[in-house]
Structures are given as C-alpha cells and as structure tokens.
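With the sequence up front, the predicted model follows.
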Amino acid sequence: MRRTGMAVLVAAMLLSKAWAGEELLAPANPLLQRWPALSAAKDTPKPKGMASPSAAAEGKSPRRAFLLSAVLPGAGEFYAGAPKRAIGFFSVEVLALGAYFTWKGKGDDIEKEFRSVANASWDPVAYLEWRTSTRATRYSSITHAMPCSSLVAGGGNISTNLKGCSDRETQQYYELIGKYNQYIAGWDDVKDRDGNFAQPTDIDSVESFSSQKRLTYEDQRNDSNVYLKRASNVLGLILVNHALSAIDAARAARMRNGEKAAAVEERMRLTLVLPPERRRPTMLMAYKPFY
C-alpha cells in the first residue's frame with residue numbers, strides 16, 4: 001500500500017507540472033525529445049573500456065554451436081556467448097541423467113531379484129508335466145506354450161540354460177510365468193482352496209489353486225517395470241534436450257553475428273517525455289543497447 005501511494009503521488013506531481021506548463025525534462029536533452037527513441041538510444045556512446053557482448057561473439061559458427069550442443073547440451077550456447085541459456089540446458093541434462101541412472105539401476109536390481117526368485121521357485125519341468133497330463137488335456141483352454149522350452153525342459157540350472165535363449169524370449173519367459181494363471185502349476189507353493197499343498201498334476205482349474213510366491217513375484221516384476229518405464233521416459237527427455245539445445249545454440253550463434261547482433265542485446269525502456277508542441281506528457285517505449 002505504501003509503495004502504491006508513493007507511485008500515485010509521483011504520478012500526480014508529474015501531471016500537475018504538465019498541466020501548469022512546466023517541463024518535465026530539460027529541453028536541452030535531445031535524446032528524450034527526439035523520436036524514434038530507438039535511433040536516439042543507439043546514438044548513445046558506449047562506456048569506455050567496455051565492449052559489446054555481441055562484438056565479442058562475432059564470427060561464431062552456427063554449425064559448430066549446433067554440434068557442440070548436440071553432444072553436450074549448453075556447450076553450444078556457451079560457445080555462442082549465451083551463458084545463462086547454457087546453464088539452463090546443462091542443468092536439465094544433469095538432472096535428467098541423474099534420474100535416468102537412479103531409476104534404471106533400481107529397475108535392474110529388482111529385475112535381478114525377481115528372476116532369482118523364479119529360478120529357485122518356479123519349475124519348468126513341473127509345468128510341462130502338468131501340461132502333458134490328462135487334467136491339462138481336459139482343460140486345454142488354460143494351457144500355454146512356454147518360451148525357451150527346449151532349453152529348460154530338462155530342468156537343472158535355469159539361469160545357465162536361458163543364456164542360450166534370445167533376449168526377447170527370455171524376457172517373455174520371466175513375464176509369462178507370473179502374469180498368466182495357467183503357469184501356476186510350475187510354482188512350488190501351489191495350494192488348493194483348503195490351504196493344502198498340491199502336486200502339479202492335481203491342478204484341474206487354475207481358479208481353484210493359488211501361489212503366494214507367484215503373487216509376490218508379480219508385484220516385484222511390476223515394481224521393476226515402473227522404474228524401467230520412468231528411465232525410458234527420461235531417456236526420451238534427454239534426447240529432446242539435446243535436440244532443442246542444438247537448435248537453440250545454432251540460432252544464438254546466428255543472432256550474434258552481423259547486423260542481428262545489436263538487436264539481441266537491446267533491452268526495452270519506458271520513459272515519459274514532454275514534446276515542445278504538446279502540453280501533456282507522453283509515454284514512449286524504446287529499445288536501448290545494453291552494455
């Protein structure tokens with residue numbers, strides 16, 4: 001309120017002087033009496049000992065700025081003489097990389113954990129035994145082929161056997177055994193509705209049997225997928241940041257070369273002037289070179 005009152009008071013004083021015929025500014029000052037103000041501002045001599053930033057940035061290659069920021073966001077802006085924008089793009093890069101490696105690491109760690117659980121608690125031999133049994137044949141609609149079956153059909157060290165399987169099939173192997181009910185016969189803690197442990201060949205309906213290890217396994221797999229999906233999204237953000245920074249750096253280099261250099265360094269200025277032929281003050285907006 002106090003600042004608003006002061007502003008109103010100053011404005012009232014200026015207007016009262018204007019209506020009384022008093023000049024707001026000394027008439028000898030040509031910079032505020034001439035229009036356009038842009039040309040007057042550009043005629044203002046530069047302070048001695050200080051060079052325009054645009055002059056220091058002349059001759060910067062837009063292609064080099066583009067390549068620098070394509071490799072490291074912010075590097076091209078710094079080269080082109082735009083340090084604030086360089087800090088902005090570089091900060092985004094650092095934060096995004098930190099988030100990517102954090103979430104990717106968590107997702108990979110959880111994936112190793114649930115795959116170890118599957119190797120120890122899910123038996124492909126038991127599942128294949130059930131799948132070829134009379135009960136499974138009777139309920140053939142709930143059976144499903146198993147990825148990498150030729151490599152794990154004999155049991156043994158599952159993680160070693162899966163090394164001969166493609167990455168895509170290996171991923172499907174660990175996904176399907178927890179995602180779909182028909183793979184429940186392979187879990188070693190399968191129980192019926194009464195809570196009694198069941199043999200694989202006893203399963204006649206997947207709805208009548210359950211496995212706590214399978215449910216825990218699926219929760220771990222979902223947690224891993226959440227972190228890995230976040231990392232994938234951040235990776236996309238990193239690529240976009242590289243592209244935007246490269247384009248911005250090339251533009252900054254072009255704008256700081258030649259005739260456009262002065263326009264980049266100009267700043268908006270507002271001022272009140274009293275033209276000699278008028279009795280009322282006029283507010284003018286102009287640009288003034290910033291050194």
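Cool, the structure landed. Predicted model, so just to flag it, every value in this text is computed and none were measured.

excluding its backbone neighbours, what's nearest Pro124?
Val152 (4.2 Å; C-beta to C-beta, 6 or more residues apart in numbering). C-beta: built from backbone N, CA, C; applies to glycine.

quick one: contacts for that neighbour?
124, 146, 158, 161-162, 173 (C-beta atoms under 8 Å, 6 or more residues apart in numbering).

Need the worst-confidence member of those.
Within the contacts of Val152, pLDDT reaches its minimum at Met146, with 81.

From Ala246, how far out is that one?
47 Å (C-beta to C-beta, to the nearest Å).

tell me which element Gly155 falls in.
Here Gly155, judged by DSSP states H and E, is contained in no helix and no strand.

Do I have it right that it meets Asp123?
Yes: between Gly155 and Asp123 there is a contact at 6.9 Å, judged by C-beta atoms under 8 Å.

More neighbours: these two, which one.
Asp123 (19 against 12; other C-beta atoms under 10 Å).

Grab the nearest non-local neighbour of that one.
Gly186 (5.3 Å).

Might you report the residue contacts of the one you found?
Counting by C-beta under 8 Å, 6+ apart, Gly186 has contacts 122-124, 126-127, 130, 177, 200.

re earlier: tell me how far the residue nearest to Pro124 lies from Ser121.
Counting by C-beta to C-beta - Val152 and Ser121 are separated by 14 Å.

thinking again about what came up before, and of the contacts of Gly186, the nearest to Tyr79?
Ile177 (53.3 Å; C-beta to C-beta).

helix or strand for the closest one, which one?
Short version: Ile177 belongs to helix 167-179, going by DSSP H and E.

And Ala99, by the same measure?
Ala99 belongs to helix 83-121, assigned by DSSP H and E.
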